[in-house]
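Participant: 3D, please:
(2 chains)
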Amino acid sequence: MPKKPAMRRGKPDRGPDKKRRHGPRLPRAMRQALDAMGNGTSRGSDDEEVSDAGAEDLYEYEEGVPEEEARKNGRYDDVAKYEYEFDSDASGADDNVTSEEEEDENDDGEDEEKQIRILEETTGMPKEAFSAKKRKQPLELPSQPGDGPVTIHDLLDNIQGKPGYSKVRKRLQQQEKKTMVVAAPLPKVEREKLERAVTYKEANKELTKWERIVKPNREASTLFFENDVNLGVNTIAAIANKFEPRNRFEKRMNEITQSNEIMEAHRYDGAKILELNKIDVEDVRERQNRLAKMRSLLFRHEMKAKRVKKIKSRTYHRMLKKDKLKAASADFEADPEAAKDYAMKQELKRAEERMTLKHKNTSKWAKRILKRGLSVQDEGTRAAIAAQLQQNALLTRKMNSMKDDSSSEESSDDDEDENDSEAKILNRGKERILKVLEEDKEIPNSGVFSLPFMERAMKKQQEAAYEEARQAVEEYDDSLRKLEDDSTERNEDSIKVTGKRTFGPAKNLPKDVNKKQKLEESENSDSEYDSDPAQHFGNNEATTKKDVQLGTALLDDEQNGLHKSFDDIMKNPGPKTTFEVGMLAGDSWKTVKSSKGNGNSSVSGITNKSKLLAPTVVPNPKQRDNNPDSDSDSDEEMVEGFLTISDTKENYELPSQAELIRQAFAGDDVEAEFEKDKMEVLNEENPEPEKPALVPGWGQWTDIQQKKGLPSWMIKEHDVAKRNREEALKRRKDSKLKHVIISEHVDKKVEKYLARNLPFPFTSKDVYEQSIRMPIGPDFNPAISVSALNRPAIVKKPGVVIKPIQYEEVNPHQKPDEPKRVIQRAIPHPNAKKVSAKQSKGATSHKRK
Amino acid sequence: MPTEGGFLEPEDEDLEKTYRVQQESILKEVDLLSSRKPFDMILPVLGPYTIDYTSNGRYMLVGGRKGHLAMMDMLNLDLIKEFQVRETVRDVAFLHNEQLYAVAQKKYPYIYNRHGTEIHCLKEHGKALKLQFLTKQFLLTSINSFGQLHYQDVSTGEMIANYKTGLGRTDVMRVNPYNAVIGLGHERGQVTMWKPTSVKPLVTMLCHNGSVTAVAFDRSGHLMATAGLDKKINIWDLRKYEVLNSYPTWAQSLDFSQKGLLAWSNGSEVEIYRDLGGHNYRLYMKHRMMKGYQVGKVLFRPYEDILGIGHSTGLSSILVPGSGEPNFDTFVDNPMETTKQKREKEVHALLDKLPPDTIMLNPNLIATVRAPKNKEKTKKEIEEEMEEAVESAKNIERKKKTKGRSKPSKRAKKKEEDVLRAKRPYLEQSKEVDGRPDKKQRIGEEVELPKALQRFAKKPQS
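Facilitator: Sure thing, here's the model as predicted:
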């Protein structure tokens, strides 16, 4: 039977005593005799510990008595006695010592009941008899005298009457009379210090328990706040479902919509709709008829459209268009809306035209016609092309000029309207050109062009142009069938067109040209060209015409050099060029000589004959003609350039005189110069210390002072500075490299790319610098790891509230290696909450510091 | 790696020499696709030609001195645009892709787009002689006839820097692909290296006794090849600034290939050298143009075994086995890129644009810990020095003086004074090392009222 500490509560003192007081077991008769002899003392020894010292000696005789026997007189009746015996037997304990001790322990509740039950069964007496006795027992026990501590008076009582007693008593009384000195309280500072120490200790304890939670979070490279969070965004259906009418209006609406009548009506209506599905035969027939009629109408309309589309008559279409236009114009005269719409449409068309240049001979049809040659075409086609070009001009014209069209002619002369008038002139000129084109071309018989040399020139020019075009086409067909170079072809075509057009306006527009002469000159200035890239690059007719105008204008004035040069180009646009074509065909270098009478057609390249796989890029000197807009001065220069090229085979290597001289004198003692340079740089970066000097007059009052020279501290300082400089020079990277100067200048702009201190988790500079050597960009890493490498310090969904950290009991034996990634828990652990719901608040605030 | 690069390898090293192998014999052996790549274009009229490739090697830009400009798609050998500027063209350079390119013309550099439309005229650069483009930084660099170096950001149009080299006119300029530092060769045999944030050159090297005619940098950025009029070609180790190898020849132009082959041109001859290990460059291939053709520029085509040659009468391209990088990383450069990829890449390149400050000799320096500004002595050092000083102060022998001035007590006192005097400067130093000014001082700094108000200030209790 296990001992239970609760059993001894009633008698605190006796327990340990009893344990000690085991003695050899005496026969009962002997014990009784002993009892009879010293009953009083044995009783007293139970109560008074003071006598323990004395009792120790008499151990066996006074105290070794088992209790039940010592208290036999009256305290234990037969039954009780019997019970003990019974108990010891029942427990089946081997040694008797323990069975005796169980006397104390049997007031345990369960055992009691058990025993009582047994007693009841064996004796046949009622249960109350045993239990009552049991209850009485503890009441008796504490009734022992002298429970308090032993005072000195108790001791005194014992020696009362002995010699010296009075003395002792007196002294005692004296002592008692003396007042007790209470210790002064600690000074406030000390007390507070202690308090603080204690508080600190406590706070420390409180905080350290957070360490396990906080530390990994601090060290984690990324914190995640993204565990499944319900942001509370619902579907529309869910929201609608929850809808409850709140204000009066809503309630009223609800009432109406939800009212029984309405619902009924709806149900009824629904039935009605279903009823409608039963259709009349009549109705169906009618509907079918109607549909059939519509279909037939549609078909007829389609047929008509087809027929109309097939009509090739121009007159018919013209009429149609006119009708349409008329209708439209009538329309938007009536209402401004339509007019606006029309304007918008027009604007759109203009923009489209500017973008696509659809009407500028870019269509397949136009190209084909131009390729064949305009002159071959019939009048109608030419007119169509002219119309198309006109349309293009109209559409691409500047908006301002459109407005100016309506204004008076005089205003166009103003300098302000230069651009507008220019556009206008161009347009007018173009119209006239087109008119001329439509007419059969004829050699003008008046003005400058009637001069015989001009006539000749023109004829020659035209012939040359046609001839060259034909040649070029043939050659292309022959040699460059594979290379379909649209641009060159187009160029060629446009040349032809321009060639024709060039002299058209001259006939019709001499006065005009004279009038606008100033204007033209201003246009030719460089700035104009810079500002207008379209003119620079485009080879449109506008610019072509302008050049021509310029030419004619100058012609009218005086035949200056510029014109001559211009004319020269027109006459024989390219010098004869001879060149070798080297190629790597098989095992030998072939040289192909080709000469062209005309620069325009000196389209050179490796011909078909060469079996080289190489493609050929063809330099196009004829581009000079394609860009007739280049300004006059540069033109001249370039013409010279061309001439020089053709005349002499240029030498690539030959440097200029100045360069030769430079090179010749460059190598003069370069090393000495470099050394000097280096010294300069060194002096600049590590300046030489100033020579020590006194302010004139100072310290020179006497001979002695002068003799002494400079003060020693000055000299010392100078020496130190000198030494420092030398050291600095030695420390330089280029100190040992004679031929190198490496700038030691510290770039402040670079400093912002350097780390000021060692970043947090690193303790060594080398380790840190090694760690950043690992590339984290997408160039060197797979896509997945890039995102992991560049993850921000905190990953969080927008709109998620980050709750304060919560304390969680952590198992100290848990392996710490798995990083705690998810800090926040949507549903906090119930236990954790219980443990420190209160604490967490204070502690989090600490953590957040 | 999916494909391996290879070189011409002779069966017997002693008898067969790789430089004896002619283009024709290579052509016979190579596959059909490669055999289409070499070509000769004879363009005799418009002068010596200079060339440039895009970084992915797909497009070639051709500039004739007399104003001929052409752009070609080298993949399908298409002419994209060809036109005449009718001005001197000194140099051509692609910007970040083939959509834009810069041309150094008679007076100014211009920027054209792929269709030959003039986009910009960069008047600030003046008469540029040479152009280079820094891809990662989007900087267009030019050196003009006055020896001025210009850096212009082509994405913002901002002129980043404009420095006078002060070393005369030069048209030798190359960018170091490793760190985007610009190398300039000068006529006094110097090579200077520049970055946009420093007025002075970062490094000035005396490379030749005559003027420098060509400079080229290896892809790794550690090797530099220079050619001078002193009939020398030097190969430099840029980490140690030392000559690794020197060859006694002239060269008009130099270029390193992606795989480290070094090509140089001399007259009508082109020679290609190969590193046999330990920077021991040996002649690998030789190519001779037609007599009288002066080679102006040699340039390896990226990601192809091809060397482009611009010469006085047109262009050529020859096969150089093992010159190009056989495996391209499509994230870096994609020769086959589609329009969409190109657009995507352009946007990415702009997003990843590096600021011009990041150009430095050692780009690995970025993000490292800053070195302490001036080397401060540690406390320990100061203490040691102080101890020494104290020792020496203690050992000063004093003159024996009369009239009780050399009493032991006096002597002891004097010694103490000496020691104190010796200590004082070190104590002050250590205070400075701590870096914290005195408390009093700080307070004094804080109370900085205007003079008129100072009399109203509370007087410090003392």
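Participant: For residue B:380, give me its contacts.
Facilitator: Not one residue lies near residue B:380 by CB atoms under 8 Å, 6 or more residues apart in numbering or on different chains. Heads up, the C-betas are built off the backbone N, CA and C, glycines and all.
Participant: Could you identify the helix or strand that succeeds the helix or strand encompassing it?
Facilitator: Under the criterion of DSSP states H and E, residue B:380 resides in helix B:379-394. On the C-terminal side of helix B:379-394, the nearest following helix or strand under DSSP H and E is helix B:408-434.
Participant: Now the element after whichever helix in chain A runs longest, going C-ward?
Facilitator: Determined from DSSP state H, the single longest helix within chain A is helix A:188-219. Later in the chain than helix A:188-219, the nearest helix or strand by DSSP H and E is strand A:223-225.
Participant: Please work out the average pLDDT along that next one.
Facilitator: Average pLDDT, strand A:223-225: 85.
Participant: Show me which residues of the helix holding residue B:380 are buried.
Facilitator: B:382, B:386, B:389-390, B:393 (16 or more other CB atoms under 10 Å in any protein chain shown).
Participant: Mind pulling the model confidence for residue B:81?
Facilitator: We have a pLDDT of 94 for residue B:81.
Participant: Residue A:192 too?
Facilitator: On pLDDT, residue A:192 comes in at 91.
Participant: Burial check on it, number of neighbours?
Facilitator: 12 (other CB atoms under 10 Å in any protein chain shown).
Participant: show me what contacts residue 245?
Facilitator: Picked chain A for this. A:251, A:253-254.
Participant: not quite, I wanted chain B
Facilitator: So residue B:245 contacts B:234-235, B:279-281 (CB under 8 Å, 6+ apart).
Participant: Just say helix, strand or coil for it.
Facilitator: Following DSSP: H, G, I helix; E, B strand; the rest coil, the label given to residue B:245 is strand.
Participant: That one bridge partners, please.
Facilitator: As for beta bridges, residue B:245 partners with residue B:235 under DSSP bridges.
Participant: how much space between it and chain A?
Facilitator: Applying CB to the nearest CB, to the nearest Å, the value for residue B:245 to chain A is 16 Å.
Participant: what does residue B:454 give?
Facilitator: Taken as CB to the nearest CB, the span from residue B:454 to chain A is 35 Å.
Participant: And for residue B:406?
Facilitator: For residue B:406 relative to chain A (CB to the nearest CB), the value is 26 Å.
Participant: What is the neighbour count of the residue nearest to that residue when sequence neighbours are not counted?
Facilitator: Counting by CB to CB, 6 or more residues apart in numbering or on different chains, residue B:406 lies nearest to residue B:400, which is 5.3 Å off, once chain neighbours are set aside. Residue B:400 is flanked by 8 other residues according to other CB under 10 Å.
Participant: Got the confidence number for residue B:400?
Facilitator: Note on residue B:400: pLDDT of 86.
Participant: Same check on residue A:538?
Facilitator: According to the prediction, residue A:538 has pLDDT 38.
Participant: Distance of the nearest residue to residue A:772 once chain neighbours are set aside relative to residue A:768?
Facilitator: Here the nearest residue to residue A:772 in space, its sequence neighbours aside, is residue B:367; by CB to CB, 6+ apart that works out to 5.2 Å. According to CB to CB, to the nearest Å, residue B:367 stands 9 Å off from residue A:768.
Participant: before we move on, the earlier item: show me which residues of the longest helix of chain A are buried.
Facilitator: For helix A:188-219, by 16+ other CB under 10 Å, it's A:210, A:212-214.
Participant: Strands of the stretch 651-800 of chain A, residue ranges please.
Facilitator: Assigned by DSSP state E, counting those that start in this stretch, the stretch 651-800 of chain A shows strands spanning A:740-742, A:794-796.
Participant: ranking those by burial, who's on top?
Facilitator: Ranked by mean neighbour count, these are led by strand A:740-742 with a mean of 22 (mean count of other CB atoms under 10 Å in any protein chain shown).
Participant: which residues touch that strand?
Facilitator: When contacts are defined by CB under 8 Å, 6+ apart, strand A:740-742 is touched by residues A:677-678, A:681, A:732-734, B:201-206, B:241.
Participant: Tell me what the residue of chain B found nearest chain A is bridged to.
Facilitator: Going by CB to the nearest CB, chain A is nearest to residue B:39 of chain B, at 3.0 Å. When assigned by DSSP bridges, residue B:39 has beta-bridge partners residue B:317.
Participant: Any idea how many residues pack against it?
Facilitator: Residues near residue B:39, counting by other CB under 10 Å: 22.
Participant: What of residue B:174?
Facilitator: 23.
Participant: what's across from it in the sheet?
Facilitator: For residue B:174, the beta-bridge partners under DSSP bridges are residue B:183.
Participant: The stretch 51-200 of chain B: strands as residue ranges?
Facilitator: With strands called from DSSP E, counting those that start in this stretch, the stretch 51-200 of chain B shows them at B:59-64, B:68-73, B:78-84, B:89-94, B:100-105, B:109-113, B:118-121, B:128-134, B:139-144, B:148-153, B:159-164, B:172-175, B:182-185, B:190-194.
Participant: Tabulate those strands (CSV), appending distance to residue B:317.
Facilitator: Below are those laid out as CSV (distance: least, CB to CB, whole Å):
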stretch, distance to residue B:317
strand B:59-64, 8
strand B:68-73, 10
strand B:78-84, 15
strand B:89-94, 16
strand B:100-105, 19
strand B:109-113, 23
strand B:118-121, 28
strand B:128-134, 21
strand B:139-144, 26
strand B:148-153, 31
strand B:159-164, 34
strand B:172-175, 21
strand B:182-185, 26
strand B:190-194, 29
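Participant: To residue A:459, which of those strands lies closest?
Facilitator: Residue A:459 sits nearest to strand B:78-84 of all the strands of the stretch 51-200 of chain B, at 28.8 Å, using CB to CB.
Participant: Run the contact check for that closest one versus chain A.
Facilitator: Yes. Judged by CB under 8 Å from any CB of the partner chain, strand B:78-84 comes into contact with chain A at B:79, B:81-84.
Participant: Could you export those as TSV, including neighbour count?
Facilitator: Formatted as TSV, those follow (neighbours: other CB atoms under 10 Å in any protein chain shown):
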residue	neighbour count
B:79	18
B:81	16
B:82	20
B:83	20
B:84	24
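Participant: Nearest to residue B:422 among those residues?
Facilitator: residue B:81 (82.0 Å).
Participant: How about the contacts made by the closest one?
Facilitator: Per CB under 8 Å, 6+ apart, neighbours of residue B:81: A:487, B:69-71, B:114-116.
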